[in-house]
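Colleague: Turn this into a model:
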Amino acid sequence: MRVSREIKTGVFAVVSILLFILGYQYMKNSNLFQTSRVFYVVYDNVVGLETGAPVTINGMRVGQIKNLSLKNKAGDAVIVTFDIESDFEFSRSSVIKIYASGIIGGNNLAVLPDPDDSVMAKSGDTLRGELESGLIDGLIEKFSPIEKSLLSTLTKVDSVLSDFDQVLDSATKEHLRQSMDAMSVAMEQLGQTATGLNRLVDNNQKELDLTFKSLSRTSQNLEAITDSIASADTAQMLKDLSGSVKALNQITNTMAEGEGSLGAMINDKGLYEDLRKLTEDAQNLLQNIKDEPKRYVHFSLFGKKDKATDNKAN
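Modeller: As a prediction, this is how the structure comes out:
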């Protein structure tokens, strides 16, 4: 089986990357390129010292803290691991002191060299540690105002609670209990109502769907109506309506002025009097017919009477 050049190139690249990673890890773990020196110091209390805090010599930073760990399971002491990155030489009897860099800055390590000792410290040595005098007292002094403020706040809270307890007599407490009970009952009823509504919605889901569909169709119809109204020639409609109103005004004005047949009839007082008289005569005639119907209507079971007889009767 013949291997192509592309496969060979890919295998070579993968092997090269693996060799580079392995070489880097080996060089990293070896001391070949390591310039810093690691030292150890043991403290009973590190008073808030943290990893990454600077290590200084005469105020100049020459290293940093790498690790903090307990000396044993009982926690009797703390081992501080730090490194020195510069080539500064100091004696093995030098003191590593914890000091406060400021109110907010935290605590640092300071190397105090011993010029009388000629034995120089080497990487891996455990050096002697000390605390700056008054460091713990200083921390206590920093927290003293907080303590006083906290005590004052607690005193005020206790006074407020005492006054509140005096205000709440037995009757008021009973009212509060009743109010809480009523609120609990109301919340329970509200929960039952919500459950009932959910059940009602579940039982009438189809009807609700039909209702919403009907509302949707109605809204579509309304939209179509409004679209048709919007697309209509509103200006022409208003113009025609205005013309009709003007014509009606002209007719009423003509009638009021007595022009035309209808205007003459309306404004002719004689015609009004004749019509009124005719109406009165018609009413009188009807009343006379009601009062004397035989005078106008002749009816006989034996036929029509002779004229002579009628004349004689008259």
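Colleague: now whichever strand or helix holds Gln220, how far from the chain's geometric center?
Modeller: Element membership of Gln220 [criterion: DSSP states H and E] is helix 205-231. Helix 205-231 sits 32 Å away from the centroid of its parent chain (Cα atoms, centre = their mean, to the nearest Å).
Colleague: After that helix, which helix or strand is next? Please name it.
Modeller: Next along the chain after helix 205-231, taking DSSP H and E as the criterion, comes helix 234-257.
Colleague: now the strands for the stretch 51-200 of the chain?
Modeller: 54-57, 60-70, 78-84, 95-102, 106-112, 126-131 (DSSP state E, counting those that start in this stretch).
Colleague: ok, of those, where does mean pLDDT dip lowest?
Modeller: Least confidently modelled of the strands of the stretch 51-200 of the chain is strand 95-102, at a mean of 86 by mean pLDDT.
Colleague: For Leu190, find the nearest of the strands of the stretch 51-200 of the chain.
Modeller: Counting by Cβ to Cβ, Leu190 lies closest to strand 106-112 out of the strands of the stretch 51-200 of the chain; the figure is 54.0 Å. Quick note: C-beta positions are derived from backbone N, CA and C, even for glycine.
Colleague: which secondary structure elements does the closest one contact?
Modeller: strand 54-57, strand 78-84, strand 95-102 (3 or more Cβ pairs under 8 Å, 6 or more residues apart in numbering; DSSP states H and E).
Colleague: got the buried residues for the last one?
Modeller: Within strand 95-102, the residues that qualify as buried by neighbour count (16 or more other Cβ atoms under 10 Å) are 95-100.
Colleague: Could you measure from Val245 over to Ile251?
Modeller: In this view, Val245 and Ile251 are 11 Å apart by Cβ to Cβ, to the nearest Å.
Colleague: Where does the prediction get shaky in the stretch 151-300 of the chain?
Modeller: Applying pLDDT under 70 to the stretch 151-300 of the chain flags residues 163-169, 232-233, 255, 258-268, 297-300.
Colleague: at 80 what do you get?
Modeller: The stretch 151-300 of the chain contains residues with pLDDT under 80 at 151-152, 156-175, 227-237, 253-272, 293-300.
Colleague: What is the neighbour count of Gly75?
Modeller: Neighbour count of Gly75, defined by other Cβ atoms under 10 Å: 8.
Colleague: returning to what we had before: could you dump the strands of the stretch 51-200 of the chain into CSV with distance to Asp281 added?
Modeller: Putting these into CSV (distance: least, Cβ to Cβ, whole Å) gives the following:
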stretch, distance to Asp281
strand 54-57, 134
strand 60-70, 133
strand 78-84, 137
strand 95-102, 128
strand 106-112, 128
strand 126-131, 139
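Colleague: and of the ones you listed, who's closest to Tyr296?
Modeller: For Tyr296, the closest of those is strand 106-112, at 135.2 Å, according to Cβ to Cβ.
Colleague: so what strands line up beside the closest one?
Modeller: strand 54-57 (parallel), strand 95-102 (antiparallel) (DSSP bridges).
Colleague: Can you check what angle separates the longest one from strand 126-131?
Modeller: Angle between the axes of strand 95-102 and strand 126-131 is 40 degrees (criterion: axes from the mean of the first three to the mean of the last three Cα atoms, to 10 degrees).
Colleague: can you give me how far strand 95-102 is from the chain middle?
Modeller: For strand 95-102, the distance to the chain centre is 51 Å (Cα atoms, centre = their mean).
Colleague: And the first one, by the same measure?
Modeller: Computed by Cα atoms, centre = their mean, the separation of strand 54-57 from the middle of its chain amounts to 51 Å.
Colleague: May I see the buried residues of that strand?
Modeller: Result for strand 54-57 [16+ other Cβ under 10 Å]: buried residues 54-57.
Colleague: and it, C-alpha only, in PDB?
Modeller: Taking C-alpha atoms only, strand 54-57 is exported to PDB below (Å, rounded to 0.1, in the frame of the first residue of the first chain):
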ATOM      1  CA  PRO A  54       4.700  41.100  46.900                       C
ATOM      2  CA  VAL A  55       8.000  40.300  48.600                       C
ATOM      3  CA  THR A  56      10.200  43.400  49.100                       C
ATOM      4  CA  ILE A  57      13.700  44.200  50.100                       C
END
